[in-house]
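Engineer: next input, structure requested:
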Amino acid sequence: MKTIIEPFRIKMVEPIKLTTPAQREEILRRAHFNVFQIPAEEVMIDLLTDSGTSAMSSEQWAGMLRGDESYAGARSWYHFESVLRDLTGMPHILPTHQGRASERILFELICAGQERNPILRSGEQPGGQERNPILRSREPLVIPNNNHFDTTRANIEHSGAEAVDLVIDEGRAPRSRHPFKGNLDPQKLEALIERVGAARIPLCMVTVTNNSGGGQPVSLANLQEVRGICARHGIPLFLDACRFAENAYLIKQREPGHAHRSARDIARAMFDLADGATISAKKDGLVNIGGVLLMRDHALAERANNLLILTEGFVTYGGLAGRDLEAMAQGFTEVLHEDYLQYRLRSVAYLGEHLLAAGIQIVEPPGGHAVYLDAAAFCPHVPPARFPGQAVVCALYRHAGIRAVEIGSVMFGRVDPVTGAASHPPMELVRLALPRRVYTQSHIDYVIEATIEVFERRDQLRPLRILEEPAALRHFTAKFEEM
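Structural biologist: Below you'll find the predicted structure:
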């Protein structure tokens, strides 16, 4: 059979409010052309994010009813811990309310006060050299990654460190068909270490899949090579593993020598290469709230536990209810079911292939959780300084009630505070993120039709300028006007 069906039945439905173009025009203007400010009930197809928008299974809902709400040592905590330890092999598992809480704790400990705290695996010695466990530097610390996403970058910069993107060159070229465009470039990492020194790099991160770079996967071979570089220089390797299961299945599909392996086995191999990980369970945890911070180093984990208690909650609940821990435990189990992963990735590919066939340039090949429109190619008459991605986002909502998100100069553009010069990211993208187990093929067909119709009238898209913006993460609350 060629048709891949949804591996589930629909047991409960939620109505969609159908709005008119005139209503959407008023709503868009009232939101100052920022779709984050549009009430969700006024959105027909919501592709803003795949974070926290999954439909939970009957087993997850049953687990929520079984949740133990004891403050300390709840049964639900031990269930959650057991599932995560079996999945990742990490000895220290801290629950948090979502991924950015894990990031905040990690970078506050690693970067605050310019402290260098080496975290080496047992027996690993970089070149046989002894290192000072706390190394203060007048220069800012540097955190490399393939591509930092918005909250990761913001937490790093908030701590006073510098976030550096080292994705391979193919990862910056929408038309490249490289199967692992999320890979971190080993040569760029070596060059960075040579330039700034290993003492200024408290850890290296790799985001799987690479969200800012088009949802593209990272190969197991690349993780192994990056691990080797980090080990030689005494630099811990952490994963931003929000979409670890999708990355694992893409390895199974695309990387030679792994087709026979299970997604669970590949995922464990990924975690085995890392010293720790941050996870937003709102993605591949298949839940609406929740996160995890994983670590191997005992001393760092003790410090993280203290900070967790101070800011999130006791170490066995981390700001979550017992029912949330039960839902996460079940979600982290279900997400590695291969019939689900096959359907999930095929749904994304279906959307991407139909847009490509209509002449709409996307980041190729389609990745794990979203299709990314090349906004610069979509509306070439709108320059980066006038936010082509935001113009496409507004047009999709205005035309069809579809909410997408800009990943370009609004999200990642910078203005030099001294010179006033603007810098722009290498790609201007619009992400169509598919919530897990939420929409059917007819919904996706509607998105395809609407996007093609907007593309056919792309010369009518209007540039925008920012009226108001916050100091950080401006894409969430900035106000725009059309020019």
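
Engineer: in the stretch 351-483 of the chain, which spans are helices?
Structural biologist: Secondary structure of the stretch 351-483 of the chain by DSSP state H, counting those that start in this stretch: the helices cover 375-378, 388-400, 409-412, 441-456.

Engineer: could you single out the most deeply buried of these?
Structural biologist: Neighbour counts (mean count of other Cβ atoms under 10 Å) averaged over each of these peak at helix 388-400, with a mean of 25. Any C-beta I mention is one placed from the backbone N, CA and C, and that applies to glycine too.

Engineer: in the host helix or strand of residue 249, what's buried?
Structural biologist: Assessed by DSSP states H and E, residue 249 sits inside helix 244-254. For helix 244-254, burial by neighbour count (16 or more other Cβ atoms under 10 Å) applies to 244, 245, 246, 247, 248, 249, 250, 251, 252.

Engineer: let me see the residues that make contact with that helix.
Structural biologist: Helix 244-254 is contacted from outside by 179-180, 182, 208-209, 217-220, 258-259, 261-264, 266-267, 270-271, 277, 279, 284, 335-336, 338, 341-342, 344-345, 367-369, using Cβ atoms under 8 Å, 6 or more residues apart in numbering.

Engineer: same question, stretch 451-460
Structural biologist: So stretch 451-460 is contacted by 355, 358-360, 373, 378-379, 381, 392, 395-396, 399-400, 402, 432, 461 (Cβ under 8 Å, 6+ apart).

Engineer: apply 6 Å and report the result again.
Structural biologist: The contact list for stretch 451-460 (Cβ atoms under 6 Å, 6 or more residues apart in numbering) reads 358, 360, 378, 379, 395, 396, 399.

Engineer: measure that stretch end to end?
Structural biologist: 14 Å (Cα to Cα, to the nearest Å).

Engineer: and what of stretch 44-60?
Structural biologist: In terms of Cα to Cα, the two terminal residues of stretch 44-60 are separated by 26 Å.

Engineer: in that stretch, what counts as buried?
Structural biologist: Result for stretch 44-60 [16+ other Cβ under 10 Å]: buried residues 44-57, 60.

Engineer: then stretch 218-233?
Structural biologist: Here stretch 218-233 shows 218, 219, 220, 222, 223, 225, 226, 227, 229, 230, 231, 233 as buried, counting by 16+ other Cβ under 10 Å.

Engineer: one more: stretch 372-386?
Structural biologist: 372, 373, 374, 375, 376, 377, 378, 379, 382, 384, 386.

Engineer: how about the residue nearest the centre of the chain: what's its closest non-neighbour residue?
Structural biologist: Taking Cα atoms, centre = their mean, the centroid of the chain lies closest to residue 211, which sits 4.6 Å from it. Nearest in space to residue 211, with sequence neighbours left out and distances taken as Cβ to Cβ, 6 or more residues apart in numbering, is residue 149 at 4.8 Å.

Engineer: please apply the same query to residue 305.
Structural biologist: Nearest non-adjacent residue to residue 305 (Cβ to Cβ, 6+ apart): residue 315, at 5.0 Å.

Engineer: put together a markdown table for the buried residues of stretch 372-386, with pLDDT and distance to residue 452 on each row.
Structural biologist: Below are the buried residues of stretch 372-386 laid out as a markdown table (pLDDT from 0 to 100; distance: Cβ to Cβ, whole Å):
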| residue | pLDDT | distance to residue 452 |
| --- | --- | --- |
| 372 | 96 | 16 |
| 373 | 97 | 12 |
| 374 | 97 | 15 |
| 375 | 96 | 15 |
| 376 | 96 | 18 |
| 377 | 96 | 15 |
| 378 | 97 | 11 |
| 379 | 95 | 14 |
| 382 | 95 | 19 |
| 384 | 92 | 24 |
| 386 | 94 | 24 |
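
Engineer: reformat those into JSON lines and put distance to residue 22 next to each item.
Structural biologist: Below are the buried residues of stretch 372-386 laid out as JSON lines (distance: Cβ to Cβ, whole Å):
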{"residue": "372", "distance to residue 22": "30"}
{"residue": "373", "distance to residue 22": "26"}
{"residue": "374", "distance to residue 22": "30"}
{"residue": "375", "distance to residue 22": "26"}
{"residue": "376", "distance to residue 22": "30"}
{"residue": "377", "distance to residue 22": "30"}
{"residue": "378", "distance to residue 22": "25"}
{"residue": "379", "distance to residue 22": "23"}
{"residue": "382", "distance to residue 22": "24"}
{"residue": "384", "distance to residue 22": "31"}
{"residue": "386", "distance to residue 22": "26"}
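
Engineer: out of those, which comes closest to residue 295?
Structural biologist: residue 372 (31.6 Å; Cβ to Cβ).

Engineer: what is the least confident helix or strand in the chain?
Structural biologist: In the chain, the helix or strand scored least confidently by mean pLDDT, DSSP states H and E is strand 414-415, which has a mean of 76.

Engineer: which strands border it, and is each parallel or antiparallel?
Structural biologist: strand 422-423 (antiparallel) (DSSP bridges).

Engineer: pLDDT on the strand it pairs with, on average?
Structural biologist: Taken as a whole, strand 422-423 has a mean pLDDT of 81.

Engineer: now stretch 253-262
Structural biologist: 98.

Engineer: shaky segments in the stretch 101-250 of the chain?
Structural biologist: For the stretch 101-250 of the chain, applying pLDDT under 70 flags the ranges 113-138.

Engineer: over to the stretch 351-483 of the chain?
Structural biologist: In the stretch 351-483 of the chain (pLDDT under 70), no residue qualifies.

Engineer: wait, isn't residue 361 in contact with residue 379?
Structural biologist: No - applying Cβ atoms under 6 Å as the test, residue 361 and residue 379 come out as separate, 11.2 Å apart.

Engineer: which SS class is residue 205?
Structural biologist: For residue 205, the assignment made with DSSP: H, G, I helix; E, B strand; the rest coil gives strand.

Engineer: from the chain's centroid, how far away is stretch 357-374?
Structural biologist: On the basis of Cα atoms, centre = their mean, to the nearest Å, stretch 357-374 sits 17 Å off its chain's mean C-alpha point.

Engineer: quick check: phi and psi on the residue nearest to the centre of the chain?
Structural biologist: Dihedral pair for residue 211: phi -60, psi -50, per degrees, to the nearest 10.

Engineer: quick check: it touching residue 151?
Structural biologist: No - using Cβ under 6 Å as the test, residue 211 is too far from residue 151 to be in contact (10.4 Å).

Engineer: endpoint to endpoint, stretch 420-436 covers what distance?
Structural biologist: Start to finish, the residues bounding stretch 420-436 are 41 Å apart (Cα to Cα).

Engineer: quick check: end-to-end length of stretch 422-431?
Structural biologist: Span of stretch 422-431 from end to end, Cα to Cα: 23 Å.
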